[in-house]
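Participant: No letters, just coordinates:
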Ligand code: 5AD
Ligand code: SF4
């Protein structure tokens, strides 16, 4: 990954002067200051200091973690996979309660590492930290945590690390409730050389009644199209062949820009970028998916034949209650329009079971949609009560045993239809972007077709990052075995 362009600017920062006010130069200043602090600690420890960033949750968090890693490497920390490191950062998720429980559970283990390592610092960031009661609890019972920050200021990591290195006995807490700032010009450590996420917007304005995201990620903000295009051009110059455009609801991209532009227009511009082979995006809200977008997808084969289209529920009554702004019928009609324009498309979805007031009839409607749409795969979730959301205040919560029973039936159905759908490509030749050596068998490599389905085939590690035509020999449920042509 090419972060060299930052090295000269950063080492040229004059630490005798006060920190600049304007970003990203302020952070360059703090990277240099943290670097010098770290060098002193390294010298006294007699070794390089290590870091480990652990990501919980979605693709947005995964991308944020790449930004955190980029800054930490620039400061001079050495990356490690072990949580027994000198700096451990948990980038947290709070979309469901079990995400929070996991973090509390793992913090105990970190504390035991810290007791043995005098240099160790612990940082917590991300969505969970935007919840007041979480920070309160950490302040009361986890004083060993050095640094707490939220979703709006990850770009400030260098400044915060500086504070933590200079005041190791303090708990530094920096949570903002919102931000108009989008600071992007900072080092990033990409997990893959050949593919990358690209944030096109932040936040969400939809306030689905069960969802905590708008409260922890704030209001929708789109990046300027020129900035996005430039970032993708830079990525392709650096060897990236596939981008994943990221937003909570990409279909409402650009509506609030000074010069409004639709997501379909943005996609069309991105499709013109030379050297880019695949464009993905996530997530599409069904209420905003336009015919213009369907047409652009059909027109450009570079735009992957995959749409993640969260259903949440198949019951129009529940959908109204969820504030989703579509009905069972309009969702099915949308799927028909998509399939008519792009027949080989793979559709995937998210479904929640046990939303307050969900009856067996409502649940049957969900099963009916799954049978009709025939998703390639579906993420199924048990409804989780998130405090502060309208659904959490409803008193008709569904009993746990009823939810468990419905969840089992839904899972069986999505697995059955998923298997059948996935198998429809058997015997075809498809392009596969190779991602890694197979985890079980080193003679195989693993990659993805443009519809996101995984394929394993015999090949050597040189193929990583290349698009290889592969014949699909066997379908094993959700993946294929094939051979290179
Ligand atoms: N309970 C269960 N699942 C939820 N999701 C969002 N909020 C909740 C909740 N409170 C699911 C939705 C969304 C996905 C990212 O997480 O299905 O699409
Ligand atoms: Fe949550 Fe709905 Fe926004 Fe998705 S669109 S992040 S489910 S509020």
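Facilitator: It's in. Please read these numbers as outputs of a predicted model, since none were measured by experiment. Ligands and ions are numbered 1, 2, ... in the order given.
Participant: Mind listing residues that contact stretch 399-418?
Facilitator: Residues outside stretch 399-418 that contact it (CB atoms under 8 Å, 6 or more residues apart in numbering): 351, 353-354, 358, 363, 366-367, 370-371, 374-378, 380, 382-383, 477-478. No exception for glycine: its C-beta is placed from N, CA and C like everyone else's.
Participant: Okay, buried residues for that stretch please.
Facilitator: Buried residues in stretch 399-418, defined by neighbour count with 16 or more other CB atoms under 10 Å: 403, 406, 407, 410, 413, 414, 417, 418.
Participant: what helices or strands is the lowest-mean-pLDDT helix or strand in the chain leaning on?
Facilitator: Every helix and strand in the chain was compared by mean pLDDT, DSSP states H and E; the lowest is helix 4-11, with a mean of 84. In terms of contacts (3 or more CB pairs under 8 Å, 6 or more residues apart in numbering; DSSP states H and E), helix 4-11 is packed against helix 25-45, helix 59-75.
Participant: and if we set it to 7 Å?
Facilitator: Judged by 3 or more CB pairs under 7 Å, 6 or more residues apart in numbering; DSSP states H and E, helix 4-11 is in contact with helix 25-45.
Participant: Identify each buried residue in the helix it packs on, please.
Facilitator: In helix 25-45, counting by 16+ other CB under 10 Å, buried: 26-35, 37-38, 42.
Participant: Does residue 295 belong to a helix, a strand or coil?
Facilitator: helix (DSSP: H, G, I helix; E, B strand; the rest coil).
Participant: Could you pull up the residues touching it?
Facilitator: Residue 295 makes contacts with residue 341, as judged by CB atoms under 7 Å, 6 or more residues apart in numbering.
Participant: ok, now how distant is residue 380 from ligand 2?
Facilitator: 15 Å (CB to the nearest ligand atom, to the nearest Å).
Participant: what does residue 86 give?
Facilitator: Using CB to the nearest ligand atom, we find residue 86 at a distance of 35 Å from ligand 2.
Participant: Flag every residue of the stretch 301-450 of the chain that's near ligand 1.
Facilitator: Residues of the stretch 301-450 of the chain lying near ligand 1 by CB under 6 Å from any ligand atom: 310, 312, 350, 352, 381, 383, 384, 386.
Participant: Can you tell me the SS state at the residue lying closest to the fifth one once chain neighbours are set aside?
Facilitator: What sits nearest to residue 381 in space, not counting adjacent residues and going by CB to CB, 6 or more residues apart in numbering, is residue 352, at 5.1 Å. When states are read from three-state DSSP, the local structure at residue 352 comes out as strand.
Participant: ok, residue 352 touching residue 312?
Facilitator: Yes - counting by CB atoms under 7 Å, residue 352 does reach residue 312; the two are 5.2 Å apart.
Participant: show me what contacts the most centrally placed residue in the chain?
Facilitator: Central residue of the chain (CA atoms, centre = their mean): residue 59, 1.1 Å from the mean position. Applying CB under 7 Å, 6+ apart, we find residue 59 in contact with 197, 244, 246, 282.
Participant: Burial check on the third one, number of neighbours?
Facilitator: Right, residue 246. Residues near residue 246, counting by other CB atoms under 10 Å, number 22.
Participant: what do you get for the second one?
Facilitator: The burial count assigned to residue 244 is 18, neighbours taken as other CB under 10 Å.
Participant: quick one: secondary structure of it?
Facilitator: strand.
Participant: do you know how far it is from ligand 1?
Facilitator: Per CB to the nearest ligand atom, residue 244 is found 15 Å from ligand 1.
Participant: In this model residue 197 seems to touch that residue, though I could be wrong.
Facilitator: Yes - look at residue 244 against residue 197 with CB under 7 Å: they come within range, at 4.8 Å.
Participant: What ranges does the stretch 151-300 of the chain have for its helices?
Facilitator: Taking DSSP state H, counting those that start in this stretch as the criterion, the stretch 151-300 of the chain contains helices spanning 157-166, 213-217, 225-237, 263-271, 291-299.
Participant: so which of those comes closest to ligand 2?
Facilitator: Between ligand 2 and the helices of the stretch 151-300 of the chain, the tightest spacing by CB to the nearest ligand atom is seen for helix 213-217, at 3.6 Å.
Participant: how distant is the closest one from the center of its chain?
Facilitator: Its chain's C-alpha centre and that of helix 213-217 lie 14 Å apart, by CA atoms, centre = their mean, to the nearest Å.
Participant: What are the contacting residues of that helix?
Facilitator: 94-95, 127, 130-131, 151, 202-207, 248, 388.
Participant: hmm, it in reach of ligand 2?
Facilitator: Yes - applying CB under 6 Å from any ligand atom, one finds helix 213-217 in contact with ligand 2 at 213, 214.
Participant: check whether that helix contacts ligand 1.
Facilitator: No - remark: helix 213-217 sits outside contact range of ligand 1, by CB under 6 Å from any ligand atom, the gap being at least 7.0 Å.
Participant: Give me the mean pLDDT for that helix.
Facilitator: Over the span of helix 213-217, the pLDDT mean works out to 95.
Participant: low-scoring stretches of this structure, by residue?
Facilitator: Low-confidence segments of the chain (pLDDT under 70): 1-3.
Participant: Up against ligand 2, what does it have?
Facilitator: Along the chain, the residues adjacent to ligand 2 under the rule CB under 6 Å from any ligand atom are 204, 206, 207, 208, 211, 213, 214, 248, 249, 285.
Participant: Report how many residues lie close to the third one.
Facilitator: Residue 207 is surrounded by 13 other residues when neighbours are defined as other CB under 10 Å.
Participant: One more: the second one?
Facilitator: The number of residues packed near residue 206 is 19, by other CB under 10 Å.
Participant: if you skip the residues just before and after it, what's nearest to it?
Facilitator: Excluding its sequence neighbours, the residue lying closest to residue 206 (CB to CB, 6+ apart) is residue 249, at 6.1 Å.
Participant: quick one, phi psi at the one you found?
Facilitator: Phi and psi for residue 249, reported as degrees, to the nearest 10, are phi -150, psi 80.
Participant: tell me the contacts of it?
Facilitator: Contacts for residue 249 (CB under 7 Å, 6+ apart) come out as 204, 206, 283, 285, 288.
Participant: what does the stretch 51-200 of the chain have sitting close to ligand 1?
Facilitator: Taking CB under 6 Å from any ligand atom, the part of the stretch 51-200 of the chain that reaches ligand 1 is made up of 95, 96.
Participant: sorry, back to before: and the least confident helix or strand of the chain, which residues are buried?
Facilitator: Buried residues in helix 4-11, counted by 16+ other CB under 10 Å: 6, 10.
Participant: Same question for stretch 181-191.
Facilitator: Across stretch 181-191, burial judged by 16+ other CB under 10 Å covers 182, 184, 186, 187, 188, 189, 190.
Participant: can you put those in JSON lines and add distance to residue 11?
Facilitator: JSON lines is the format used below for these (distance: CB to CB, whole Å):
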{"residue": "182", "distance to residue 11": "26"}
{"residue": "184", "distance to residue 11": "21"}
{"residue": "186", "distance to residue 11": "15"}
{"residue": "187", "distance to residue 11": "13"}
{"residue": "188", "distance to residue 11": "19"}
{"residue": "189", "distance to residue 11": "19"}
{"residue": "190", "distance to residue 11": "22"}
